[in-house]
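J.: Give me coordinates for this.
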Amino acid sequence: MGVEEVAAALGDDPALVEWLGELQRAGEPGDELVLPSAETALTALLRLGAPAQDAAEIVAGLSELQRNPALAWLVRRCAQRTVADMGGFRPGGSWPTLPDGWDRYFYVYVFLAVLPSVRAYHERRGIPDDISWATLAALGHAVESHRQRLGTGGIDAPFWIDLHFRGGIYLLGRLGFNRGDLGFLAPAVQAAGLPYQESAPALGVHAAPTGPLDPAACDASFDLAREFFARHFPEETYRLARCGSWILDPQLAEYLPADSNIIRFQRRFQLTPETRDGDADMLSRIFGAAPDTDLATLPCRTTLQRAVIDHLQAGRHWKIGFGWLEL
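T.: Presented below is the predicted three-dimensional model:
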């Protein structure tokens, strides 16, 4: 099996052919990049938080995948691309949707193949088991989110899960932190009188979908992050953190009380004028809904849910806001 045969199996779509070239350039997969047995896969999936129904379907698909040379070729080369950049924290290439009829759990199989490698990387870095498994459980959350949103098995945002499986992000209590740099927020930081360039190391901050943004829990996460990265990545010095999220949309202050967890989380950051369209993100994060969902069908049980719907029904739009803070 080679690129030409796989391209033909994919329908010779130009975008997918370009992706195949990207995978080929990552190099020949090592012997360690193999799919697990059904028993090993099931144990791993349940530990990673995949719903039981999805875990069973994924395991059932292993034998079909192993009988399909094109799928097997793709899985191993996608895994090789991730492993080749183990420890990296920049976007890891394209993650296209495969044609109808291809396994909807395809990228789950990729990450199962990568799992032993990222676990070994965590061990070399001295990262505790509980943090390692909690971080990698982003895969289970992504599978669960896909079923909640679309009612079928699959995986949400494989590019984001790839960051976890390359050792670029870690869940530290309530918040996740990814290694990175200041990037386009540098002018805002410089305007505040701090001499940091775009390349200055900065931790990305992410509110994991695990419950309320309790201020004490967030404080504990920031404290843990300072200690964690100093201990496990001593070659990198992080003095700044940055965040880009629907949670930082200043418009939320029109609807939520000043002492709400979300507004208190906003106040941790120096917000910048930079924003991006956030309607789709807001619907996905708050309701698990697709962008074209009829607003009248969404629940209005909480103040936040009512705010999101009222804002959109008034013809207004939500934004992804950005901010930074000193650690």
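
J.: distance between the helix or strand that contains residue 40 and the chain's centre?
T.: If you go by DSSP states H and E, residue 40 is part of helix 38-47. From the chain centre to the centre of helix 38-47 is a distance of 21 Å (C-alpha atoms, centre = their mean, to the nearest Å).

J.: which other helices and strands contact it?
T.: helix 52-60, helix 62-67, helix 106-124 (3 or more C-beta pairs under 8 Å, 6 or more residues apart in numbering; DSSP states H and E). Backbone N, C-alpha and C define where each C-beta goes, glycine included.

J.: And the first one, what does it pack against?
T.: Read that as helix 52-60. helix 38-47, helix 138-150.

J.: now the last one
T.: Using 3+ C-beta pairs under 8 Å, 6+ apart, the elements in contact with helix 106-124 are helix 38-47, helix 69-84, helix 129-136, helix 138-150, helix 158-165.

J.: okay, it in CSV with CA atoms only?
T.: This file holds the C-alpha atoms of helix 106-124, laid out as CSV (Å, rounded to 0.1, in the frame of the first residue of the first chain):
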residue,chain,number,x,y,z
PHE,A,106,-10.7,7.2,12.4
TYR,A,107,-8.9,9.8,14.5
VAL,A,108,-9.7,7.9,17.7
TYR,A,109,-7.7,5.0,16.3
VAL,A,110,-4.8,7.4,15.5
PHE,A,111,-4.7,8.6,19.2
LEU,A,112,-4.9,5.0,20.5
ALA,A,113,-1.8,4.2,18.4
VAL,A,114,-0.1,7.3,19.8
LEU,A,115,-1.1,6.6,23.4
PRO,A,116,2.0,4.5,24.5
SER,A,117,4.3,7.1,23.0
VAL,A,118,2.8,10.1,24.8
ARG,A,119,2.6,8.1,28.1
ALA,A,120,6.3,7.4,27.7
TYR,A,121,7.0,11.1,27.0
HIS,A,122,5.1,12.0,30.2
GLU,A,123,7.1,9.5,32.1
ARG,A,124,10.4,10.9,30.8
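
J.: Would you mind pulling the contact partners of it?
T.: By C-beta atoms under 8 Å, 6 or more residues apart in numbering, the surrounding residues in contact with helix 106-124 are 32-36, 41, 44-45, 50, 58, 61-62, 65, 71, 74-76, 78-79, 82-83, 86-87, 95, 98, 103, 131-132, 136, 139, 143, 155, 158, 161-162, 164-167.

J.: Buried subset of these as a PyMOL selection?
T.: In PyMOL, a selection of the buried entries from the contacts of helix 106-124 looks like this (16 or more other C-beta atoms under 10 Å):
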select buried, resi 33+34+35+36+41+44+45+50+58+61+62+65+71+74+75+76+78+79+82+83+86+95+98+103+131+132+136+139+143+155+158+161+162+164+165+166+167
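
J.: Show residues contacting the helix holding residue 40.
T.: So helix 38-47 is in contact with 35-36, 52, 54-56, 58-59, 62-63, 108, 112, 115, 133, 137, 140, going by C-beta under 8 Å, 6+ apart.

J.: ok, and for that helix, which residues are buried?
T.: Buried, per 16+ other C-beta under 10 Å, within helix 38-47: 41-42, 44-45.

J.: Now compare those and name the two farthest from each other.
T.: 42 and 44 (7.3 Å; C-beta to C-beta).

J.: now the residue nearest to residue 133 when sequence neighbours are not counted: how far from residue 79?
T.: Once flanking residues are discounted, residue 133 sits nearest to residue 47: 6.3 Å by C-beta to C-beta, 6 or more residues apart in numbering. In this structure, residue 47 and residue 79 are 19 Å apart, going by C-beta to C-beta, to the nearest Å.

J.: Look up phi and psi at residue 244.
T.: Main-chain dihedrals, residue 244, degrees, to the nearest 10: phi -130, psi 120.

J.: and the nearest residue to it once chain neighbours are set aside, what does it touch?
T.: Excluding its sequence neighbours, the residue lying closest to residue 244 (C-beta to C-beta, 6+ apart) is residue 322, at 4.7 Å. Neighbouring residues of residue 322 by C-beta under 8 Å, 6+ apart: 185, 242-244, 248, 271-272, 274-275.

J.: What is the nearest of the residues you listed to residue 205?
T.: Among the contacts of residue 322, and counting by C-beta to C-beta, the member closest to residue 205 is residue 243, at 4.2 Å.

J.: neighbours around the closest one, how many?
T.: A count of nearby residues for residue 243, using other C-beta atoms under 10 Å, gives 24.

J.: The one 3 residues further on now?
T.: The local packing of residue 246 (other C-beta under 10 Å) involves 23 other residues.

J.: For residue 254, give me the pLDDT.
T.: Predicted confidence (pLDDT) for residue 254: 96.
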